[in-house]
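[1] Just a sequence and a predicted model for now, questions to come.
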Amino acid sequence: MNIEHEIATSRYLFGNDFDLSFHQLPYRANMATWDVTTYKYWSGGVYDFNAIDPNMGYDPSKGGKRPYPLGPELPGAEDYLKAKATDSASAATAWSTGYKTDDGNLAWLPGDPDGGALKTIAELLRERKGYAIGVVSTVPFTHATPAAFVSHNKSRNNYHAIGAEILNEVKPEVVIGAGHPGYDGTPTFNYISADEYNNLTGGFYSDEYVFVERASGVDGGVSVLAAAQQAVSEGKKIFGLFGLERAGNFESLEPQDMPGTPLVLQATRENPTYAEATLAALKVLSQDPDGFFLMTEQGDIDWANHANDFKRMVGTTKDLHDGVQAVIDFVNQPGDGMDWDNTLILVTADHSNSYMRNQVKMEAGNLPLQDGMEYPDGEVTYGSTNHTNELVRLYAVGADTTKFIKYEGRWYPGTRILDNTQLFHIMMEAAGEAVESQLNVVP
Ligand SMILES: [Zn+2]
């Protein structure tokens, strides 16, 4: 997601550019997202973590000190930013471990050395502080972003091994995602193995987990919240499996073209919304008096952007907007020991995608004329069907946000750019477990 996607969704819902829930958060900055693969593309194959030149990964003089439209579109920027970008595995590894790595690696050192697994922030905070840990995604639970927090693998594509590690070794208190194998016809075990699925449905994990899955005609929001309530009352963990086997996601929300009266519909009530899945996670995790760590993603925004599908992008970004608001409301509830002095929320994107640009300011409820990936009236343009190296926005609220300022421009003097690995350090410091970065930047 880039800032143009955020603006487009805010205009559709509210008629203004920055009215989404996360736009109201008090801390805002820009973040570079490059990985080792990007770096090697520009450096001729060299990456030495003891001598990093940040400009080799992202050069503000080429890409801009601020993302467009907060800053100008520099000549040549489009080609530069489209040339090579991170994937979601290495991007999530930066957040979860503080290390840069190669495309495709989940919490694993670059170069795929044996024994290269890295402890993730979820594992570290569980070990050191007794935190409950969880992941939520609207794409498969074994997909790159959740997987990089609760598994370790040289390849993001090893879905069955990733699922087995999550269920049998890491065992997070919360796993809620898509990737259901058998809902709409003959089961296809893309994202979870038949063995693990049968273990879940057959009760193999029932001493530890309350299992809830998509079912025909059953409201997924109601069922996932009921399962969370059951997990709380029985002192168990929760595993929720939804979505569609073919596409792998929770079916995307669908905004309607209704100028003046924005309306976003759910394709089916058999999946929870992103907000409902996140609230179910919070209900379970917040039972732990030691505290908790949650990574929750609306992963379908990325898929909508790969497809250059503006309508679907607005629907999925609206889903994110609702989810962030639900988290804020949850923290604001009185009497549960959670408040803005002991809770930190970060909202960001793991990378940009699609080089989308709003060419016309659309009014609330108004969608562009869209024919597949084409926009005949030119209200929006797309420059790519892939990830881009554009800066993304970072929004935050809560404990210790004033401490973020020291990271601004540390790798990029004269800017307010943070590096994505610095989010790991920000989160660890906020939890009272500060660790030094292993990455050394050369002046
Ligand atoms: Zn993607």
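    Cool, the structure landed. Everything numeric in this text was worked out from a predicted model, so none of it was measured.

[2] Skipping its backbone neighbours, what lies nearest Pro72 in space?
    Nearest residue to Pro72, sequence neighbours excluded (Cβ to Cβ, 6 or more residues apart in numbering): Gly64, at 6.9 Å. For glycine as for every other residue, the C-beta is placed from the backbone atoms N, C-alpha and C.

[3] Let me know how buried the one you found is, in neighbour terms.
    A count of neighbours around Gly64, defined by other Cβ atoms under 10 Å, yields 23.

[4] repeat for Leu124
    With other Cβ under 10 Å as criterion, Leu124 counts 22.

[5] cool, Asp302 as well?
    Per other Cβ under 10 Å, the neighbour tally for Asp302 reads 26.

[6] Offset the numbering so it begins at 268, please.
    Let's use 268 as the start, then, which means that last one is Asp569.

[7] Next one: it relative to Arg579, how far apart?
    The spacing between Asp569 and Arg579, counted by Cβ to Cβ, to the nearest Å, is 11 Å.

[8] quick revisit: which pLDDT does the model give the residue nearest to Pro339?
    With respect to pLDDT, Gly331 scores 98.

[9] cool, and Ala358?
    Residue-level pLDDT assigned to Ala358 equals 98.

[10] Give me the three-state assignment for it.
    Of the three states, Ala358 takes helix under DSSP: H, G, I helix; E, B strand; the rest coil.

[11] Compute the distance between it and Gly343, please.
    24 Å.

[12] the more surrounded of those two?
    It is Ala358, of Ala358 and Gly343, that has more neighbours when counted by other Cβ under 10 Å, with 26 against 10.

[13] dump the residue contacts of the residue nearest to the more buried one when sequence neighbours are not counted.
    Using Cβ to Cβ, 6+ apart and skipping the chain neighbours, the partner closest in space to Ala358 is Asp617 (3.8 Å). For Asp617, the contact set (Cβ atoms under 8 Å, 6 or more residues apart in numbering) comprises 300, 353, 355, 358-359, 362, 412, 569, 659, 687.

[14] Most neighbours among the residues you listed, please name it.
    Ranked by the number of neighbours (other Cβ under 10 Å), these place Thr353 first, at 30 neighbours.

[15] Look at the residue nearest the centre of the chain and report its pLDDT.
    The centroid of the chain falls nearest to Glu564 when counting by Cα atoms, centre = their mean (3.7 Å). pLDDT, Glu564: 98.

[16] Can you name the residues in contact with stretch 307-320?
    Contacts with stretch 307-320, where a contact means Cβ under 8 Å, 6+ apart, come from 303, 306, 323-324, 350-351, 366-367, 377, 705-709.

[17] and if we set it to 6 Å?
    Applying Cβ atoms under 6 Å, 6 or more residues apart in numbering, the external contacts of stretch 307-320 come out as 303, 306, 323, 351, 706-709.

[18] Past the helix or strand hosting Leu661, which element shows up next along the chain?
    Using DSSP states H and E, Leu661 sits within strand 659-665. Using DSSP H and E, the next helix or strand after strand 659-665 towards the C-terminus is strand 684-686.

[19] which other helices and strands contact that following strand?
    Counting contacts by 3 or more Cβ pairs under 6 Å, 6 or more residues apart in numbering; DSSP states H and E, strand 684-686 is packed against strand 294-299.

[20] buried ones in the strand it packs on?
    294, 296-299 (16 or more other Cβ atoms under 10 Å).

[21] Which neighbours in the sheet does it have, and how are they oriented?
    strand 659-665 (antiparallel), strand 684-686 (parallel) (DSSP bridges).

[22] Convert the C-alpha atoms of the helix or strand following that strand to PDB, please.
    Sequence order places helix 303-310 as the next helix or strand after strand 294-299, per DSSP H and E. Output in PDB follows, covering the C-alpha atoms of helix 303-310 (Å, rounded to 0.1, in the frame of the first residue of the first chain):
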ATOM      1  CA  VAL A 303      19.100  -7.500   0.400                       C
ATOM      2  CA  THR A 304      17.800  -8.400  -3.100                       C
ATOM      3  CA  THR A 305      17.100  -4.800  -3.900                       C
ATOM      4  CA  TYR A 306      20.500  -3.800  -2.500                       C
ATOM      5  CA  LYS A 307      22.400  -6.400  -4.500                       C
ATOM      6  CA  TYR A 308      20.500  -5.300  -7.600                       C
ATOM      7  CA  TRP A 309      22.000  -1.800  -7.300                       C
ATOM      8  CA  SER A 310      25.400  -2.700  -5.700                       C
END
